[in-house]
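1. Predicted model and sequence below, questions to follow.
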Amino acid sequence: MEVRILSMTQEPLRLIWCAARTCYSPLTPQELWDNHSSQQEMLALVRRIFNSRHHSVVEHGSVTYAVSGVSRALLAQYTRHRVGISFSVQSQRYVSERSDKNGGRFGAVVPPSIAQDPEAAAVYQEVLDQLQQNYDRLARRGIPKEDVRFVLPNGAETNFVTTLNYRSLLDLYQKRVVAPGAQWEIREMVQRMADLLVDREPWLAEFFVHPTR
């Protein structure tokens, strides 16, 4: 799995502060932006906004990630989070998984529970090899990629670009990292998303808190 930030809101703290102050100030947003408070004062207001859960102004901050080497199973879970999140996903209709074009078998994610058990890992690899052989056989018969893809498993790798506003990312973090029961792969991806954003904007660290970390 690889997760990388491609683009993000510039000066998100200042932007969120400006949006929040606009709601209650006689000044215009332009005046507030040009004559903003100190970072400490802006953070104090933004902290109150986060803690009071008045998150509409938090939506003005956004971040775009490139994600690669994750499973279709993860994608099915991630796309359930639709509000404030955009997706652009590598298409199995147009991207061939034929072994003669890929230099081997299609990429697949191996769950840790399988990877740690040699016998289970051998079974898993055997299944993937068989699926690749059958994919190739169907493709050689001229079956369209959009139909041949039906033999590919949930474990097949995919890549996507996704954009989230901060409110949606916080909600995603609560449901897929903090709350118990999330599957290991999506939990790892969302944690990486949060860590990368906090690296760029350290003031956000206090809002992405995991009780067990």
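-> Structure's in. What do you need?

2. same for the top helix by length along the chain, what does it pack against?
-> Determined from DSSP state H, the single longest helix within the chain is helix 118-140. Secondary-structure packing of helix 118-140 (3 or more Cβ pairs under 8 Å, 6 or more residues apart in numbering; DSSP states H and E): helix 99-102, helix 112-115, helix 145-148. Yep, even glycine has a C-beta here, placed from its N, CA and C like the rest.

3. winner for burial among those?
-> When neighbours are counted by mean count of other Cβ atoms under 10 Å, the highest per-stretch mean among the helices and strands packed on helix 118-140 falls to helix 145-148, a mean of 16.

4. Quick one: residues in contact with that one.
-> By Cβ atoms under 8 Å, 6 or more residues apart in numbering, the list of residues contacting helix 145-148 from outside reads 92-97, 135, 138-139.

5. Redo the residues you listed as TSV? Include pLDDT and distance to Leu32.
-> Supplementary listing: the contacts of helix 145-148 in TSV, determined by pLDDT from 0 to 100; distance: Cβ to Cβ, whole Å:
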residue	pLDDT	distance to Leu32
Gln92	90	48
Arg93	89	48
Tyr94	89	47
Val95	88	47
Ser96	88	53
Glu97	88	52
Tyr135	94	57
Leu138	96	61
Ala139	93	59
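
6. tell me the domain ranges of this protein?
-> For the chain, the structural domains run 2-88+158-207, 96-155, going by automatic domain parsing.

7. Run a quick neighbour tally on Ser143.
-> You called it Ser, but residue 143 is Ile. Residues near Ile143, counting by other Cβ atoms under 10 Å, number 15.

8. Kindly apply the preceding question to His36 instead.
-> Neighbours of His36 (other Cβ under 10 Å): 17.
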